[in-house]
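# Sharing a model that was predicted from the sequence below.
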Amino acid sequence: MIIFVTTCSHRDTHHAISKALPFVRQAVYPLLFARRSLPRATYIFSDFDRLNFWQLEYAAHVYRQLQAAGCRVLNDPAAALQRLPLLRRLRRAGINSFSAWPADEPEAVERFPVFIRTKSAHRGNLTDLLGDAQAVHAELRRLVAAGYPVNDLIIVEYRAEPVGNGVFRKYSVYRLGNRYVAAPSVHERKWSAKMGEDGVAGVEGYAEDLVTVRTNPHEETLRRAFEIAAIDYGRADFGVVDGRPEIYEINTNPMMHAAGSHQFADRAEALRICVEALHAGFHDLDTISSGPKIRIAPPHLLRKKGRRYTLFPGYLWLP
């Protein structure tokens, strides 16, 4: 059995996989933390950027107890790097050629253009490309006035290039333990290339993408990036600029899709290959769930007598 641990508002990401593979289950943090015993299984922790610091610490505590009991556990909540520190570490390691800065240090920006986005939410860019410091300061004032907390804003250097005809391609590679699976790319006329535009890649673009899914040419670089991030399971999104991968983020709770038809045969084939490889990866990670349950002790921060700690008020789990 494999158990994904997610936030309540983002537990639908693995619906297609849990429907296709009966040994894949889902759990949410509030219910997981309320349990004092857990079944033996492979556990995959995710959604770290949507947890507050108490919840992240509690998750790390449970992770260690499961691991000590002999369970296979992926994604250590205490070690996995989130967006800003990951981008900065990848830049220092020479994997990325671009950098990122916290929004409260706009004077540290070294090169332009840049854009502003949130550290945590997966909303993409909040601004267009900004060409100078004056534009950055103006947009920061606008965003803060609109209610975006400055502590959750980051400034990211632009690093992308179109693959042809003004179309941008965002590549993706999944990691499932020791298996790395290339996924069909997102194609879009916008440089941010987040959701994709159906059919925009054309026959040639989808044929190129099918070759990428089959050969996974950037696997070695992505292996290094996942190791630096201390993430055992997730999806890395990246572009290729001047022939080298530029990694934008690693999502620990990526959306999974089922194979299906498409107007372009190469696109449908790429999705089929990816889904089959992902299913094989989950079979590799599956653990026999027999044996006594594992006792889970609450962390020290919840053991003080006479006090009741509420880590999970309902509003923290709204989208």
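Perfect, I can see it now.
# Spatially central residue for the protein, please.
Central residue of the chain (CA atoms, centre = their mean): residue 251, 0.3 Å from the mean position.
# Show the backbone phi and psi for it.
Per-residue torsions, residue 251: phi -100, psi 120 (degrees, to the nearest 10).
# Repeat that for residue 298.
Here is the backbone geometry of residue 298 (degrees, to the nearest 10): phi -70, psi 150.
# ditto for residue 93
Per-residue torsions, residue 93: phi -80, psi -10 (degrees, to the nearest 10).
# neighbours of it, just the number please.
Neighbours of residue 93 under the rule other CB atoms under 10 Å: 12. Bear in mind the C-beta positions are built from the backbone N, C-alpha and C, glycine included.
# tell me the contacts of residue 92?
Residues counted as contacts of residue 92 (CB atoms under 8 Å, 6 or more residues apart in numbering): none.
# still on that earlier bit, partners of the closest residue to the residue nearest to the centre of the chain other than its chain neighbours in the sheet?
In space, and not counting its chain neighbours, residue 251 is closest to residue 235: 5.1 Å by CB to CB, 6 or more residues apart in numbering. Taking DSSP bridges as the rule, residue 235 bridges to residue 174, residue 251.
# Next, work out how far apart residue 235 and residue 180 are.
Relative to residue 180, residue 235 is positioned 11 Å away (CB to CB, to the nearest Å).
# got any residues that touch both of those two?
173-174.
# Please enumerate the helices of the stretch 1-150 of the chain.
With helices called from DSSP state H, counting those that start in this stretch, the stretch 1-150 of the chain shows them at 15-20, 29-34, 53-68, 83-92, 133-145.
# Tell me who's in contact with the closest residue to residue 257 other than its chain neighbours.
Leaving aside its sequence neighbours, residue 257 sits nearest to residue 16 (CB to CB, 6+ apart; 5.8 Å). Taking CB under 8 Å, 6+ apart, we find residue 16 in contact with 256-258.
# can you list those in CSV and add distance to residue 103?
Converted to CSV, these look like this (distance: CB to CB, whole Å):
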residue, distance to residue 103
256, 32
257, 33
258, 38
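# re the thing from before, tally of neighbours for the residue nearest to residue 251?
Applying other CB under 10 Å, we find 20 other residues in the vicinity of residue 235.
# Check the gap between it and residue 288 for me.
Distance from residue 235 to residue 288, by CB to CB: 27 Å.
# Where do the domain boundaries of this structure fall?
The chain breaks down into these domains under automatic domain parsing: 2-79+289-317, 99-157, 168-285.
# Nearest to residue 93, out of those?
domain 168-285 (5.8 Å; CB to CB).
# and the end-to-end length of that closest one?
Taking CA to CA, to the nearest Å, domain 168-285 runs 34 Å from one end to the other.
# Stretch 22-42 now?
End-to-end for stretch 22-42, by CA to CA: 14 Å.
# and what of stretch 10-19?
One end of stretch 10-19 to the other measures 16 Å (CA to CA).
# what does stretch 223-238 give?
End to end - CA to CA - stretch 223-238 spans 13 Å.
# what mean pLDDT would you report for that stretch?
Mean per-residue pLDDT for stretch 223-238: 98.
# Buried residues of that stretch, list them for me.
Buried residues in stretch 223-238, counting neighbours by 16 or more other CB atoms under 10 Å, are found at 224-226, 228-229, 231-238.
# in terms of contact, does residue 20 touch residue 278 like I think?
No: in this structure residue 20 lies outside contact range of residue 278 using CB atoms under 8 Å: 9.5 Å.
# And the nearest residue in space to residue 159 that is not next to it in sequence, how far from residue 110?
Spatial nearest neighbour of residue 159, excluding adjacent residues (CB to CB, 6+ apart): residue 98 at 3.8 Å. Noted for residue 98: a distance of 10 Å to residue 110, by CB to CB.
# hey, what's in contact with both of the two?
Both residue 98 and residue 110 are in contact with residue 157, where contact means CB under 8 Å, 6+ apart.
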